[in-house]
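Asks: using only what follows, build the 3D model:
(one chain, ligands or ions: 1)
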Amino acid sequence: MGDLSIVCLREKDIPKLLPLIRRIYPKENSIFKNDNLLLNWVIKSGNYPSAQWYAAKIKDEIVGFTRWYLYDTSEDKILLMLSWTAVKKEYESKYISTKLLNDSYLKVRSYWKKKGLNVAGVWVETDTWNIKARHFYKHFLSSIGFNVKKKIVSNLWGKEGVVFIFGVTKSFLKRQKSLHYPSSF
Ligand SMILES: CC(C)(COP(=O)(O)OP(=O)(O)OC[C@H]1O[C@@H](n2cnc3c(N)ncnc32)[C@H](O)[C@@H]1OP(=O)(O)O)[C@@H](O)C(=O)NCCC(=O)NCCS
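Replies: Model (predicted):
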């Protein structure tokens with residue numbers, strides 16, 4: 001994929017994603033019937049820099065996108081939520097999302113590092129039946145050095161439920177061993 005580039009999107013670019021979001025996430029179409037409602041949700045759920053959208057482009061065509069969201073912070077640490085990752089069907093399994101997540105993660109990590117915040121963890125959720133996405137997220141989070149854990153919550157939406165996947169930095173886990181939680185936790 002010689003012409004593939006990964007670019008950061010700003011609020012004014014987000015409307016360009018709507019047709020793709022409608023195609024890839026048909027579930028949302030029944031709730032957000034008109035584009036303003038959908039756009040309102042997508043944008044109001046976080047503006048740059050708390051939500052950083054990235055797109056994978058081939059020449060001028062957006063073929064995939066993802067969003068890194070500042071979920072929480074404490075002291076010098078930050079927890080990011082990853083969501084809305086997708087590529088156009090015809091571009092699946094070509095490692096475009098792998099490049100999109102790798103490149104955008106490095107940019108987002110360095111953005112927050114300059115503000116004094118170190119990424120302590122990343123979490124993401126997907127439908128339990130979505131084996132490809134589960135494999136993809138687990139593989140990605142391990143490849144960037146995280147210790148990966150998952151938790152399935154049945155019947156959250158759909159019978160099969162949702163899987164929450166957490167990637168936590170190994171240095172954070174080491175420090176945590178010295179902490180004591182109540183046994184009832
Ligand atoms: C999940 C998704 C984002 C992956 O994007 P992609 O660009 O196809 O992924 P990549 O080509 O970078 O492949 C990443 C991994 O998935 C694996 N993979 C590719 N095709 C696969 C398939 N058909 N079944 C299972 N795993 C597959 C690859 O083997 C690779 O793993 P590896 O490095 O261990 O070999 C993409 O399939 C998608 O847009 N799906 C629809 C939207 C969606 O479900 N998003 C996530 C919901 S939150």
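Asks: the nearest residue to Y48 once chain neighbours are set aside: neighbour count?
Replies: Take Y48 and drop its neighbours on the chain: the residue closest to it by CB to CB, 6 or more residues apart in numbering is R10, 5.8 Å away. In short, each C-beta sits where N, CA and C put it, glycine included. Neighbours of R10 under the rule other CB atoms under 10 Å: 10.
Asks: gap between R10 and S97?
Replies: 21 Å (CB to CB, to the nearest Å).
Asks: equivalent analysis for L17, please.
Replies: Distance from L17 to S97, by CB to CB: 15 Å.
Asks: name the surrounding residues that touch the lengthiest strand in the chain.
Replies: In the chain, ranked by residue count with DSSP state E as the criterion, the top strand is strand 61-74. Contacts to strand 61-74, defined as CB atoms under 8 Å, 6 or more residues apart in numbering, come from residues 9, 16-17, 20, 45-46, 49-57, 78-88, 91, 96-97, 100-101, 104-105, 108, 112, 117, 123.
Asks: 6 Å instead, please
Replies: 17, 46, 50-56, 79-81, 83-85, 87-88, 91, 96-97, 100, 108 (CB atoms under 6 Å, 6 or more residues apart in numbering).
Asks: which of the residues in that strand are buried?
Replies: 62-71 (16 or more other CB atoms under 10 Å).
Asks: helix or strand for the residue nearest the centre of the chain, which one?
Replies: Central residue of the chain (CA atoms, centre = their mean): L82, 1.9 Å from the mean position. Take DSSP states H and E as the rule and L82 turns out to sit in strand 77-87.
Asks: swap in W123?
Replies: strand 118-127.
Asks: which strands and helices lie in contact with that strand?
Replies: With contacts defined as 3 or more CB pairs under 6 Å, 6 or more residues apart in numbering; DSSP states H and E, strand 118-127 has these neighbours: strand 77-87, strand 162-169.
Asks: which one of those lies nearest to the ligand?
Replies: strand 77-87 (3.7 Å; CB to the nearest ligand atom).
Asks: okay, the residue nearest to W84 when sequence neighbours are not counted: pLDDT?
Replies: Counting by CB to CB, 6+ apart, R67 is the residue found nearest to W84 once chain neighbours are left out, at 4.4 Å. Listed pLDDT for R67 reads 95.
Asks: repeat for Y91
Replies: pLDDT at Y91 comes out at 96.
Asks: let me know how buried it is, in neighbour terms.
Replies: 18.
Asks: for D35, see how far away the residue nearest to it when sequence neighbours are not counted is.
Replies: Spatially, and ignoring its direct neighbours in sequence, Y91 is nearest to V63 (4.7 Å; CB to CB, 6+ apart). V63 sits 21 Å away from D35, going by CB to CB.
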